[in-house]
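K.L.:
Dropping a prediction and its sequence here:
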Amino acid sequence: MSLLTVRRLSKRFGGIAANREISFEVAAGELVGIIGPNGAGKSTLFECISGFYAPDAGEVELEGTRLTGLSPDLVCRRGIARTFQKLRPFQGMTVAENVMVGALTRTRDVRHAREQAHEWLRRVGLLEKANAYARTLSTGQRKRLELARALATGPRLLLLDEVTGGVDQRSIPALVELVRELHAGGLTLLLIEHNMRVVTAVAQRIIALHLGEVIADGAPSAVARSPKVVEAYLGQAYVA
Amino acid sequence: MKAYAPALAFFAAAGLAPLVVDDAFLLDTLVLILVWGCAAGAWNIAGGYAGQISLGHSAFFGLGAYAAALCGVRWNISPWYGVAIGAAVATAAGTVIGFLANRLRGPYFVIATIAVSQVLLLGAARWRGFTAGSEGIPVPFRAGFWTLGIADKRIWVWIVLGLALAVYLSQLYLERSRRGFQLAAVREDEDAALSLGVRARRLKVAAIAASAAFTAVCGALWAQYVGFVDPLYVFSVDLSVRFSLAAIIGGLGTALGPFLGSLLVTTVETWLRAEFGGLGSHLVGLYLILYGSALILMVRYAPQGLMGFFYRR
Amino acid sequence: MRVVNFAHGEFLMLGMYAAFWAFTLLHADPYLTLVVAAPLFLAVGWGSYALIMRPVVHTSHNVQVFTTVGLSIVLQNLALVLWTAYASVISFGGAVLNLAQAVAFVLAVAATAALFAFMRFSYTGKLMRATAQDRSAAMLMGIDTGRIYALTWSVGIACVGAAGVLLAPIYPVYPTAGLQFVLIAYIAVVLGGLGDMAGALVAALIIATVEVVGSYTIGTSWKEVLYLLLFIAILVVRPAGLFGQRGSETLGV
């Protein structure tokens, strides 16, 4: 059975159909990239899966358990964590405390949560900043903080929303390596990415969205060459 | 340990004062400092720790005050029951307001809390049959501990000090417990907290309900101490503002802050009242002009309040 | 402006006092005072914006709430210290009271209509609505949002000051007179739907109707409770207000 099943997911905002009958499955251990031009509905998809929006139609299931329409905190406790495109650290708390909030979803003991937080910070390379206030971090560091925080909730599936967005070129390879490591450790990942080099380097499979619909779903090389995808990104004139 | 020096100093001084001070006026001031400190601390649980700013907390205070008064006047039972009944009713009311907190944000929630307190004010002021209407209820003094009829102000200091310690320790709990961390996350960014599995809605309601219960206990004790419950005072918006004023000046979201704020506000107020009472009583308004201005400046430029002087965050 | 002014009632109270002192010291008819009061309060609004509101326009809600609460405390107690707590009354004859209420109603409706037209049809009104919808976008369009906010605030203060002048012949004047009126105002705005002027007017009429009907059926002493409970009930069922956009209340703005 697949880990995540999205079946005919639809979401409208007034006159705009952000998601139109989107269907796909993600098996445990996969790393799937989600691409598409702006307005394709990628973020809406994440919001629907993570529980921030309730879809108008369709189903979201995690290993057979229905997640559709559940509140975000319930979705997290069932095993799906996410990061945000516009970073949202808890500014008034330290880096370690930020991650502890995630850890406290899995453990009741504050001391244990603190240890786990330090462990996650070590893995993402932020340990020396543990006692700094989150508001003092740079963008790249905030990205890693958000990652550590989401990971601390012990998810089975992690939704990464443009994890390399706004990060300078030099720092991207380290971030990508981190994502690879997490994947190698058995985590299932769904990535929204605009950076094609990152996606093709890391993803085993790519789902392309355009105007709310899935227009391609398969191996990176095949998707990159699909005429529909080329048309969506570059326009009719470029279709070979 | 050093971090707690100010708190230790405060509570130790309050506890030892009755042993060395004889003057009734000073002891009275101390009791009031502690009572308003407790009320501010209770408000702080919802406003400072949970981030749910309310200007309707006088609703809970009044419920406690009336519960105590009615126990004495109407039902002829010990006002200690009043404390319990007031706390129970206030917890229910707090749960309702918590529900509202999950539907409204920011200033609009504030307006709703004001509306609730005014409903209770009008209800108490008009329901002659139950609450003796707008004349208020004089609380009967029956000597004895069980009836909370205590003439010795020193005992009152210790009673209220007990409550103060409970409020202070509850706030400390919120700073280091699992629930406290989650609550802080909700306060900072509710959606981010939700995405991490925090039961934001439930926590907010719980914080407000706890805040309500403590406030009601303050109201009940205060009613017994002062001896008279006036609905126009006890449910007033002014009173609600007063709780928040002490908490903010002292340090929003800190455990000792509300007590420091109350120390400052109450001493100035009682001194001014003593100086200018009677014909010049409108001059008492002077200190409030100062506090209003201080509030405006502090909330923008010194949000840490008095506690900010002790601990640079 | 996305700011709830908790000192709104105090400006109303100042308007009432303005009418009272003009009447007592200068024997001026309140309706004459109105003509002077409106621009006067516009200036007061501009001044209070520059002095107090401008520093907090970009801060969090809590800071703004307590800034206006602080302002409310200052104004109330200023009035208390200067003019004592005793209620003052502008005394006309009894029959004139009804005339006063009728005039107040007509002028209020006229002012509301004018304001609505201004917001809808004038260029400045468009600027104000644009800024309200999206501050950053407005700035990018070259709109001086600081000035727009100053204007919005000042117009609001001018309106409420004028309202105070109109109410002075009808109600007793004392430093804490503001709360009872302003509570209805807040309720009307939230009930009608945040940001919707026509909605606020409709809501105000609904509240007035409930008040009057209530006082006939249940008795005058309970009428306020009635509309307060109605307010809370509507908030529970439809927090965006009767005409507001669904979900706008959760933005807190």
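P.N.:
Received the coordinates, thanks.

K.L.:
Please, where are all the helices along chain C?
P.N.:
C:8-26, C:30-48, C:61-83, C:94-121, C:123-133, C:135-140, C:145-167, C:178-192, C:197-217, C:223-237 (DSSP state H).

K.L.:
interface residues of the stretch 51-200 of chain B facing chain A?
P.N.:
If contacts are counted using C-beta under 8 Å from any C-beta of the partner chain, the residues of the stretch 51-200 of chain B sitting beside chain A are B:176-178, B:181-182, B:184-185, B:188-189, B:191-200. To be clear about C-beta, it is placed using only N, CA and C from the backbone, and glycine gets the same treatment.

K.L.:
how long is stretch A:187-195 end to end?
P.N.:
Taking C-alpha to C-alpha, to the nearest Å, the first and last residues of stretch A:187-195 lie 21 Å apart.

K.L.:
domains of chain A?
P.N.:
As recorded under automatic domain parsing, the domains making up chain A are A:1-79+A:157-240, A:89-154.

K.L.:
could you check whether the last one is close to chain B?
P.N.:
Read that as domain A:89-154. Yes: contact of domain A:89-154 with chain B is found when judged by C-beta under 8 Å from any C-beta, involving A:89-93, A:97, A:100-102, A:104-105, A:108-110, A:113, A:149-150, A:152-153.

K.L.:
hang on, the earlier thing: nearest to residue B:69, of the domains of chain A?
P.N.:
With C-beta to C-beta, the closest approach to residue B:69 among these belongs to domain A:89-154: 41.0 Å.

K.L.:
Ends of the closest one, what's the gap?
P.N.:
Between the opening and closing residues of domain A:89-154 lies a distance of 18 Å (C-alpha to C-alpha).

K.L.:
so who does the closest residue to residue C:143 other than its chain neighbours touch?
P.N.:
Nearest residue to residue C:143, sequence neighbours excluded (C-beta to C-beta, 6 or more residues apart in numbering or on different chains): residue C:127, at 5.5 Å. Each residue near residue C:127 by C-beta atoms under 8 Å, 6 or more residues apart in numbering or on different chains is listed here: C:138, C:143, C:148.

K.L.:
which among the residues of domain A:89-154 next to chain B end up buried?
P.N.:
Among the residues of domain A:89-154 next to chain B, those scoring as buried are A:89-90, A:92-93, A:97, A:100-102, A:104-105, A:110, A:113, A:149-150, A:152-153 (criterion: 16 or more other C-beta atoms under 10 Å in any protein chain shown).

K.L.:
how about residue A:190, phi and psi?
P.N.:
According to degrees, to the nearest 10, the main-chain angles of residue A:190 amount to phi -120, psi 120.

K.L.:
Now do the contacts for it.
P.N.:
If a contact means C-beta under 8 Å, 6+ apart, then residue A:190 has A:4, A:26, A:32, A:34, A:46, A:49, A:157, A:158, A:159, A:160 as its contacts.

K.L.:
could you pick out which of those residues are near chain B?
P.N.:
Contacts with chain B within the contacts of residue A:190, counted by C-beta under 8 Å from any C-beta: none were found.

K.L.:
Tell me which residues are up against the helix or strand hosting residue B:259.
P.N.:
Taking DSSP states H and E as the criterion, the element that holds residue B:259 is helix B:257-276. The contact list for helix B:257-276 (C-beta under 8 Å, 6+ apart) reads B:6, B:10, B:25, B:28-29, B:32-34, B:36-38, B:40-41, B:43-44, B:48, B:164, B:167-168, B:242, B:245-251, B:281, B:283-284, B:286-287, B:291, B:305-307.

K.L.:
And the average pLDDT for it is what?
P.N.:
The average of the pLDDT scores along helix B:257-276 is 87.

K.L.:
Next: stretch B:154-165.
P.N.:
Throughout stretch B:154-165, pLDDT has a mean value of 92.

K.L.:
same deal with stretch B:11-25?
P.N.:
Per-residue pLDDT values across stretch B:11-25 average out to 88.

K.L.:
same check, this time on stretch C:158-170
P.N.:
Computed over stretch C:158-170, the mean pLDDT rounds to 87.

K.L.:
buried ones in that stretch?
P.N.:
Applying a neighbour-count criterion of 16+ other C-beta under 10 Å, the buried positions in stretch C:158-170 are C:158-170.

K.L.:
Next: stretch B:120-139.
P.N.:
Applying a neighbour-count criterion of 16+ other C-beta under 10 Å, the buried positions in stretch B:120-139 are B:120-127, B:131-132, B:134, B:136-137, B:139.

K.L.:
what's next to it, contact-wise?
P.N.:
When contacts are defined by C-beta under 8 Å, 6+ apart, stretch B:120-139 is touched by residues B:58-59, B:62-63, B:66, B:68-70, B:72-73, B:79, B:223-224, B:226-232, B:234-236, C:221-222, C:224-225, C:228.

K.L.:
Helices along chain A, start to end?
P.N.:
With DSSP H, the ranges of helices along chain A come out as A:42-50, A:72-78, A:95-103, A:110-124, A:139-151, A:172-184, A:196-202, A:220-225, A:227-234.

K.L.:
what would those helices look like in a markdown table with mean pLDDT and distance to residue C:154?
P.N.:
Rendered in a markdown table, the data for the helices of chain A read as follows (pLDDT from 0 to 100; distance: least, C-beta to C-beta, whole Å):
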| stretch | mean pLDDT | distance to residue C:154 |
| --- | --- | --- |
| helix A:42-50 | 93 | 40 |
| helix A:72-78 | 95 | 42 |
| helix A:95-103 | 96 | 42 |
| helix A:110-124 | 94 | 50 |
| helix A:139-151 | 92 | 40 |
| helix A:172-184 | 91 | 50 |
| helix A:196-202 | 87 | 52 |
| helix A:220-225 | 85 | 58 |
| helix A:227-234 | 80 | 50 |
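
K.L.:
Just the element for residue B:19, please.
P.N.:
helix B:5-20.

K.L.:
repeat for residue B:88
P.N.:
Under the criterion DSSP H and E, the helix or strand holding residue B:88 is helix B:79-101.

K.L.:
Now do the helices for the stretch 151-300 of chain B: every range, in order, please.
P.N.:
B:153-176, B:178-188, B:190-195, B:200-226, B:231-234, B:237-251, B:257-276, B:285-301 (DSSP state H, counting those that start in this stretch).

K.L.:
Any chance of the backbone angles for residue A:186?
P.N.:
Note on residue A:186: its backbone torsions stand at phi 110, psi 0 [degrees, to the nearest 10].

K.L.:
Just give the closest residue to it, not the sequence neighbours.
P.N.:
Spatial nearest neighbour of residue A:186, excluding adjacent residues (C-beta to C-beta, 6+ apart): residue A:29 at 6.3 Å.

K.L.:
And residue A:194, by the same measure?
P.N.:
Nearest in space to residue A:194, with sequence neighbours left out and distances taken as C-beta to C-beta, 6+ apart, is residue A:162 at 6.4 Å.

K.L.:
Let me see the contact set for that neighbour.
P.N.:
A:85, A:192, A:193, A:194.

K.L.:
mind running it again at 10 Å?
P.N.:
When the contact criterion is C-beta atoms under 10 Å, 6 or more residues apart in numbering or on different chains, the partners of residue A:162 are A:42-43, A:83-86, A:143, A:191-195, A:198.
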